[in-house]
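> This is the structure alone, sequence omitted:
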């Protein structure tokens, strides 16, 4: 923790963590990467959506990431490639 001030701005890529994780990262000054993961129907995705709704992750600390088409849903990458 003592070296955090020495770090350049950083993004926690593809955040899928808990409330505690988010608070710790934000307290350290990190940005939180949000991806299409939040569209999935999983417990982890629901947790991230709740953190966003409740303002635990402040809007000024959000980094929108696409990672398309690699962080898609089942068969989405194959469907994308077939459409080319």
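Yep, that arrived. Just so it is clear, the structure is predicted and the values come from calculations on it, not from any experiment. Residues are numbered from 1 along each chain as shown.

> where in the chain is pLDDT low?
Where the chain drops to pLDDT under 70, the residues are 1-2, 4, 67-84.

> one more time with 50, if that's ok
Counting by pLDDT under 50, the chain shows no low-confidence range.

> now the strands: where do they sit in it?
Under the criterion DSSP state E, the chain carries strands at the ranges 11-12, 31-34, 62-64.

> so what strands line up beside the first one?
Spelled out, it's strand 11-12. strand 31-34 (parallel) (DSSP bridges).

> Look at residue 34 and say how many residues are nearby.
20 (other C-beta atoms under 10 Å). To be clear about C-beta, it is placed using only N, CA and C from the backbone, and glycine gets the same treatment.

> My read is that it contacts residue 59, right?
No: applying C-beta atoms under 8 Å as the test, residue 34 and residue 59 come out as separate, 10.7 Å apart.

> got the strands of the chain as a markdown table, with distance to residue 40 columns?
Below are the strands of the chain laid out as a markdown table (distance: least, C-beta to C-beta, whole Å):
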| stretch | distance to residue 40 |
| --- | --- |
| strand 11-12 | 18 |
| strand 31-34 | 12 |
| strand 62-64 | 16 |
